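Chemist: The following block contains a protein sequence and its predicted model.
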Amino acid sequence: MQIGFKFEKLTKSEANELGSITLAFVGDAVYSLYVRTKNSIGHTLRSGALNEKTSRTVCAVNQAKLADLLIPHFTEDELAVYKRARNTKKPSKSKHSTVSEYNKSTGLEAVIGYLYLTGESDRLQFILEFGDNLNEG
């Protein structure tokens, strides 16, 4: 599935200046939209069922598992973004995951946000499709 919005992409340094939590905020939205779209196309589920299916994928526990599998595939820049976000003090706590899972999911969301904002669509596509394989397996 191709994802694309038209906007002026940021340089890597501009994206890093946004901060880890901001990158994760954007990444959470991108990942959620991707999963919602994928779950909606070709399915006749009602909105409640779609939301439940999406929530099972877009959660800290699942994202932490995905992050663990993706770490060996991250580029040097992606790994730096991931680690910085994972280790950043968070403004909130997760209700349904451990601290470690929440930190890993924040790191993954930051990488997704970073790739989206810098226009690295091939890498973003790789990560999103890697998640598809995890969720279907």
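Modeler: Received, thanks.
Chemist: hang on, isn't residue 93 packed against residue 102?
Modeler: Yes - between residue 93 and residue 102 a contact is recorded at 7.1 Å, counting by C-beta atoms under 8 Å. Quick note: C-beta positions are derived from backbone N, CA and C, even for glycine.
Chemist: higher neighbour count, these two?
Modeler: Each of residue 93 and residue 102 has its neighbours counted (other C-beta atoms under 10 Å); residue 102 has more, 21 against 8.
Chemist: which residues does that one contact?
Modeler: 60, 64, 90, 93, 94 (C-beta atoms under 8 Å, 6 or more residues apart in numbering).
Chemist: And it, how close does it get to residue 11?
Modeler: 29 Å (C-beta to C-beta, to the nearest Å).
Chemist: which one's the longest helix in the chain?
Modeler: helix 20-40 (DSSP state H).
Chemist: Only alpha carbons, please: show that one as CSV.
Modeler: C-alpha atoms of helix 20-40 as CSV (Å, rounded to 0.1, in the frame of the first residue of the first chain):
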residue,chain,number,x,y,z
SER,A,20,11.7,12.6,20.1
ILE,A,21,8.2,12.9,21.5
THR,A,22,7.1,15.1,18.6
LEU,A,23,8.5,12.5,16.1
ALA,A,24,6.6,9.8,18.0
PHE,A,25,3.4,11.8,18.0
VAL,A,26,3.6,12.1,14.2
GLY,A,27,4.7,8.4,13.9
ASP,A,28,1.7,7.2,16.0
ALA,A,29,-0.7,9.0,13.6
VAL,A,30,1.0,7.7,10.5
TYR,A,31,1.1,4.1,11.8
SER,A,32,-2.5,4.3,13.0
LEU,A,33,-3.7,5.7,9.7
TYR,A,34,-1.8,3.0,7.8
VAL,A,35,-3.3,0.2,9.9
ARG,A,36,-6.9,1.7,9.8
THR,A,37,-6.7,2.0,6.0
LYS,A,38,-5.3,-1.5,5.6
ASN,A,39,-8.0,-2.9,7.9
SER,A,40,-10.8,-1.0,6.1
